[in-house]
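J.: coords please:
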Amino acid sequence: MHFHSRTITSCTLIYLGCLFTLLYVIFSDGFYHPDEYFQILEYAHMKLFGTSSEELPWEYQTMMRPGFQPLIAYGFGKLLTSIHFYDPFILQTFLRFFSGTLSVIALLLFCRAIRPFFRTENEEKWYLILGFFVWFMAYFHVRFSSETLSGNLLLLLVSMLLLYRQKERRHPFLWGLWMGLLAGTAFIVRFQVGFALLGFGVWLLVYLRKGSLLTGLGLGVATMLGIGTAADRWLYGTWTCTPLNYLHENILQGHIDSFGIDPWWYYLAYIPLEGGILFGVLLLAAVVVFIWKNLRHPLTWMLIPFLIAHQAIGHKEVRFLFPILAFAPYILIAASQHIPTRLLRSKGARIVGWVAASLNVLIIVFNLTIRNTDIAFYHQMRELCPSGKPKAILNLKKDKTFYSYYETTLFPRAVSGYYFLPAGTQRHLFDTLSDMERSAQTFIEQQIPVFILSEDPQLDKHFSVPLKKIDWNPYPQWIVRYFNFNDWVGLSVRRKNLYRVDITREGTL
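T.: The predicted structure is shown next:
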């Protein structure tokens, strides 16, 4: 497919891409994985408002998560509280804007760095289209997660190296210092990218043995490791080495395996499944072609140890590979250069292209119009629980709800989330149903509204205190009314039920 220079330019694509990213900042208000919430937002909330650390996940107790990202979230939260404008949803929007801005900067700087690589102007335009408008890239850009932030930092790191090599640059020490700061920051954000950084360092020693650059690189890395250690001291209240703690707990103690051991073919199957089949298959094939055809490329030296390390770990998740997703547009373009032009222009290729474009549009519409289930629930609770008025939320410790879950990694315990909890809410967890019933009765006598969260869809039928089930759903009414075949819209909330204690039936109002 070709572009007419008068109808669309690279600058136009950049402007449209920035606006498109802003749409995702505003409307893509969920999170891909609970770690994005529990390991960052909940930590920041604890430091902002002094909530208890005893109900945080086991990773906090073992001091194995970095404090750098929670510190960033804390900084934005402190700014909002200082101007009396704090709101958990507004803070999330600020963080998405931060991530989206950094993603755009990294994407454009990398585009500048690889401009000599493009054979035609159309390839640069396709890079921008793939970078801005493919659904998983747009979604990835605004996530305030360790995977997104570390991926953007790796993209900036490779950009700096490619720009340095394009011609003999002056001040190699300063270039190395900037690379070191980027590499060190990527590591203190997500320790697992250390495997990619190892490959980057080995490539420098093999192909670019420049002493002043390496000295600057080492100083930059050391500086960021020091900053990361200070951030960890702020988070945990004591000096500790979180990378070693992570290595000890997850690898040496094998706690990561408690989340399940996956087969060797996991990534081959689940990357296509989570990537929308067609997109995932194309990306997998492109990675193989890129590595095979670019054995001396620094990115190849980063990809190989990173992929091997994650393949060797028993517990696998597709999100573990997200830090290299930032390179996907470049890898796809590079792989396409090894496909004969007649095949790219064939009828079959056009069909695949139109199918991919159609699926892309549908997924984007879904992402921007359908609210994340968890976020939909938190908005529902804010409407039911006006700020400033006392209320109570109760549930059994072993029930998985939108505010808590039960974990057994170190020892059996309930983990609670407070970040999205409406102001003035009391949270209570119970071992037995009878204990929860007695507590609900006590709150009734005190005229305090009570909400029950339960996995039991018929709790109102056998609870000793009268309950009213609140029907809610994260999907728009038009989907529920016209497209709810076999009640598929209820799957995400079937075991997360919401009840309100019906105090009117107790005769107290």
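
J.: mind listing the helices for the stretch 151-300 of the chain?
T.: With helices called from DSSP state H, counting those that start in this stretch, the stretch 151-300 of the chain shows them at 172-189, 194-207, 211-236, 242-246, 266-274, 278-293, 298-312.

J.: quick one: L128 and C18 touch, right?
T.: No. Taking C-beta atoms under 8 Å as the definition, L128 is not a contact partner of C18, at 10.9 Å. (C-beta placed from N, C-alpha, C; glycine too.)

J.: neighbour count: these two, which is higher?
T.: The residue with more neighbours, out of L128 and C18, is L128; 21 against 14, by other C-beta atoms under 10 Å.

J.: now the strands: where do they sit in the stretch 401-509 of the chain?
T.: 404-407, 413-416, 425-430, 450-454, 467-469, 497-501 (DSSP state E, counting those that start in this stretch).

J.: parallel or antiparallel, list what pairs with the fifth one.
T.: In the sheet containing strand 467-469, the strands it pairs with under DSSP bridges are strand 497-501 (antiparallel).

J.: list the contacts for L153?
T.: Applying C-beta atoms under 8 Å, 6 or more residues apart in numbering to L153 gives the contacts A106, L182, A183, T185, A186, V189.

J.: any figure for the gap between W354 and V361?
T.: According to C-beta to C-beta, to the nearest Å, W354 and V361 sit 11 Å apart.

J.: pull the residues that contact stretch 228-237.
T.: With C-beta under 8 Å, 6+ apart, stretch 228-237 has contacts from 43, 47, 60, 63, 66-68, 70-71, 184, 187-188, 239-242.

J.: residues near F85, how many?
T.: For F85, the neighbour count with other C-beta under 10 Å is 10.

J.: with V202 instead?
T.: 14.

J.: dump the strands of the stretch 401-509 of the chain to a markdown table, plus mean neighbour count, mean pLDDT and distance to Y24.
T.: A markdown table is the format used below for the strands of the stretch 401-509 of the chain (neighbours: other C-beta atoms under 10 Å; pLDDT from 0 to 100; distance: least, C-beta to C-beta, whole Å):
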| stretch | mean neighbour count | mean pLDDT | distance to Y24 |
| --- | --- | --- | --- |
| strand 404-407 | 17 | 92 | 28 |
| strand 413-416 | 19 | 92 | 29 |
| strand 425-430 | 18 | 93 | 30 |
| strand 450-454 | 24 | 95 | 30 |
| strand 467-469 | 18 | 93 | 34 |
| strand 497-501 | 21 | 94 | 29 |
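
J.: format those as TSV; extra columns: distance to G216.
T.: Shown next, in TSV, are the strands of the stretch 401-509 of the chain (distance: least, C-beta to C-beta, whole Å):
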stretch	distance to G216
strand 404-407	43
strand 413-416	43
strand 425-430	50
strand 450-454	53
strand 467-469	63
strand 497-501	56
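
J.: if we can go back for a sec, from the contacts of L153, pick the one nearest P323.
T.: Nearest to P323 out of those is A186 (C-beta to C-beta; 7.9 Å).

J.: now that closest one. Nearest residue, chain neighbours left out?
T.: Nearest non-adjacent residue to A186, counting by C-beta to C-beta, 6 or more residues apart in numbering: L153, 3.8 Å away.

J.: give the buried residues for stretch 301-319.
T.: Going by neighbour count (16 or more other C-beta atoms under 10 Å), the buried part of stretch 301-319 is 301-303, 305-307, 310, 313, 315-319.

J.: do stretch 360-372 as well
T.: Within stretch 360-372, the residues that qualify as buried are N360, I363, I364, N367, L368, I370, R371, N372, counting by 16+ other C-beta under 10 Å.

J.: pull the helix or strand with minimum mean pLDDT from this protein.
T.: helix 477-482 (a mean of 80; mean pLDDT, DSSP states H and E).

J.: which residues touch the most centrally placed residue in the chain?
T.: The residue lying closest to the centre of the chain (C-alpha atoms, centre = their mean) is S145, at 3.8 Å. Contacts for S145 (C-beta under 8 Å, 6+ apart) come out as F31, Y32, H33, D35, E36, I40, F322.

J.: distance check, it against N245.
T.: Distance from S145 to N245, by C-beta to C-beta: 20 Å.

J.: one more: L19?
T.: On the measure of C-beta to C-beta, L19 and N245 end up 42 Å apart.

J.: the more surrounded of those two?
T.: N245 (18 against 10).

J.: which regions of the stretch 151-300 of the chain sit below the pLDDT cut-off?
T.: Filtered on pLDDT under 70, the stretch 151-300 of the chain yields no residues whatsoever.

J.: one more pass at 80, please.
T.: 167-169, 275-277 (pLDDT under 80).

J.: picking up where we left off before, out of the contacts of S145, who's nearest W488?
T.: Y32 (20.8 Å).

J.: which one is F117 nearest to, not counting chain neighbours?
T.: Using C-beta to C-beta, 6+ apart, the nearest residue to F117 is A334, at 7.5 Å.

J.: what's the helix or strand where that neighbour lies in contact with?
T.: Element membership for A334 (DSSP states H and E) is helix 328-336. Here helix 328-336 makes contact (C-beta under 8 Å, 6+ apart) with 107, 110, 114, 117-118, 123, 126-127, 130-131, 134, 137, 282-283, 285-287, 289-290, 293-294, 299, 344.

J.: next: stretch 270-284.
T.: 134-136, 268, 316, 318, 321, 328, 331-332, 352, 355-356, 359-360, 363.

J.: mind redoing it with 6 Å?
T.: Residues outside stretch 270-284 that contact it (C-beta atoms under 6 Å, 6 or more residues apart in numbering): V318, A328, A356, L359.

J.: which ones among the residues you listed are found in helices?
T.: Judged by DSSP state H, the contacts of stretch 270-284 include A328, A356, L359 as members of helices.

J.: pull the contacting residues for the last one.
T.: Counting by C-beta under 6 Å, 6+ apart, L359 makes contact with G276.

J.: mind checking how far it is from F117?
T.: From L359 over to F117 (counting by C-beta to C-beta), the distance is 28 Å.

J.: then the second one?
T.: Distance of A356 to F117, computed by C-beta to C-beta: 23 Å.

J.: L22 now?
T.: Following C-beta to C-beta, the distance that separates L22 from F117 is 28 Å.

J.: do the same with D460
T.: Using C-beta to C-beta, one obtains 63 Å as the distance from D460 to F117.

J.: looking at the two, which is more packed in?
T.: Between D460 and F117, D460 has the larger neighbour count (other C-beta under 10 Å), namely 18 against 14.

J.: are we agreed that H338 is in a helix?
T.: No. Checked against DSSP: H, G, I helix; E, B strand; the rest coil, H338 lies outside a helix; its state is coil.

J.: tell me which residues touch it, please.
T.: Contacts of H338 (C-beta under 6 Å, 6+ apart): V289, K293.

J.: next: V489.
T.: Here V489 is in contact with N473, Y475, V480 (C-beta under 6 Å, 6+ apart).

J.: could I have the ChimeraX command that selects the buried members from the residues you listed?
T.: Selecting the buried subset of these in ChimeraX, with 16+ other C-beta under 10 Å as the burial test, is done by:
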select :473,475
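
J.: need the contacts of V489 in CSV with distance to T223, can you?
T.: Shown next, in CSV, are the contacts of V489 (distance: C-beta to C-beta, whole Å):
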residue, distance to T223
N473, 50
Y475, 48
V480, 53
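
J.: for the contacts of V489, which one is nearest H379?
T.: Of all these, H379 sits closest to N473, with 12.2 Å by C-beta to C-beta.
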